[in-house]
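S.K.: Provided below for reference: sequence and predicted model.
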Amino acid sequence: MTISEEKIKHVAKLAKLEFLQEELYQFTKTFGKIIDMVKLLNEVDTTNIPFTSHVVDSINVLRRDVAIPGMDRKELMKNVPAEENGFIKVPAILDEGKA
């Protein structure tokens, strides 16, 4: 599969990107090399090669997920500038549903 400047322009348009002509030329050249490398990888015989999901045979060691008591709400609310019904009150960022 050959990558043409038209294909790069099409993908750029879909992604709402604009490129200078020199950048377009470089992208076309670079993507062409990437496609060639993938084609080369497809030629490698992997018939008896097992599936590899991780290259290192280690298992994550995680702590047990145990609920612990949190801080006292009254203590936390001491540093809050404004509060309403036990919640932190913050300035509105939307005006009647419009940003």
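M.R.: Nice, thanks for sending it over. Numbers count the residues shown, from 1 in each chain.
S.K.: Give me the distance from stretch 70-78 to the chain's centre.
M.R.: 35 Å (C-alpha atoms, centre = their mean, to the nearest Å).
S.K.: That should have said stretch 54-73, apologies.
M.R.: 23 Å.
S.K.: just stretch 13-26 next, same as before
M.R.: Relative to its chain's centre, stretch 13-26 lies at 22 Å (C-alpha atoms, centre = their mean).
S.K.: Report how far apart the opening and closing residues of it are.
M.R.: 17 Å (C-alpha to C-alpha, to the nearest Å).
S.K.: Next, the buried residues of that stretch.
M.R.: Across stretch 13-26, burial judged by 16 or more other C-beta atoms under 10 Å covers no residue at all. Backbone N, C-alpha and C define where each C-beta goes, glycine included.
S.K.: Let me see the mean pLDDT of that stretch.
M.R.: What stretch 13-26 shows for mean pLDDT is 91.
S.K.: got a list of contacts for that stretch?
M.R.: Contacts to stretch 13-26, defined as C-beta atoms under 8 Å, 6 or more residues apart in numbering, come from residues 5, 8-9, 12, 27.
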